[in-house]
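S.K.: this one's structure only:
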């Protein structure tokens, strides 16, 4: 009979020792690849969240507050991500939305959100948002002043949040989403306008040969209805979509609105 050859105990120990050495050498690389996968996925998720948030703002004519349930709900209407993937990252840490405290004016205030009704009388001062995610822990920094917000946005020395491979910041500048609409009235009676399906607003009457005027800043894509004198209750003469800055004038001759982009 042939004698069956096998491994000796020493040979098995030697093989296991080699495998242990290889595993020890490869483990850091494997873990690094896994972490890089988390980082890449989080970058893509933050970009998708930012894009969906801007879609929500333009289509709904509303900027949500920084309360998690509010802004995540707005994003969920236009995102391909499930709700859980909007509110938390793959490490199960909550993402956070920050708004510049000088979003509307040159004074610090708690961002109240914004729902467009009659438009803004002045251009937003610093309409910036940041979505922040930390793959190593929660995000708790209090960016309650413009300077603190700007330091993080620009990554200045002393910033309360320092961007790196695990703490990621998606910056959203909403300035391009606002357009200026200049309304002039050459008639001696008030004319009007309405945004979307909202209430009619007055444009002052001309006086002493000087046009009445009103300037409003609206979100890009806003539908504007132009109503004839007298205000209120004039007939809607035209409707147009504000995709860029517009200058509109209600003329005395022919009592009609004209405009130029």
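M.R.: Sure, I can see it. On a predicted model such as this, the values are computed, not experimentally measured, just so you know.
S.K.: hey, where'd the strands end up in the chain?
M.R.: 62-63, 96-99, 114-115, 128-134, 167-173, 178-185, 191-195, 201-203, 212-219, 222-227, 236-242, 246-250, 257-260 (DSSP state E).
S.K.: Compare the ones you listed and report which one is nearest to residue 46.
M.R.: Checking the strands of the chain against residue 46 by Cβ to Cβ gives strand 167-173 as the closest, at 3.9 Å. Bear in mind the C-beta positions are built from the backbone N, C-alpha and C, glycine included.
S.K.: Return the residues in contact with residue 97.
M.R.: Neighbouring residues of residue 97 by Cβ atoms under 8 Å, 6 or more residues apart in numbering: 66, 68, 71, 129-132.
S.K.: With distance to residue 167, neighbour count and pLDDT as added columns, please give those residues in a markdown table.
M.R.: Listed next are these as a markdown table, based on distance: Cβ to Cβ, whole Å; neighbours: other Cβ atoms under 10 Å; pLDDT from 0 to 100:
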| residue | distance to residue 167 | neighbour count | pLDDT |
| --- | --- | --- | --- |
| 66 | 18 | 17 | 97 |
| 68 | 18 | 15 | 95 |
| 71 | 19 | 25 | 96 |
| 129 | 17 | 25 | 98 |
| 130 | 12 | 21 | 98 |
| 131 | 12 | 23 | 98 |
| 132 | 7 | 20 | 98 |
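S.K.: Make a markdown table out of these and add distance to residue 215.
M.R.: Output for the contacts of residue 97, formatted as a markdown table (distance: Cβ to Cβ, whole Å):
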| residue | distance to residue 215 |
| --- | --- |
| 66 | 28 |
| 68 | 35 |
| 71 | 29 |
| 129 | 25 |
| 130 | 29 |
| 131 | 31 |
| 132 | 34 |
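S.K.: which among the residues you listed gets closest to residue 140?
M.R.: residue 132 (10.3 Å).
S.K.: dump the residue contacts of the closest one.
M.R.: 95-98, 139, 161, 167-170.
S.K.: In ChimeraX, how would I select the buried members of those?
M.R.: Selecting the buried subset of the contacts of residue 132 in ChimeraX, with 16 or more other Cβ atoms under 10 Å as the burial test, is done by:
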select :95,96,97,98,139,161,168,169,170
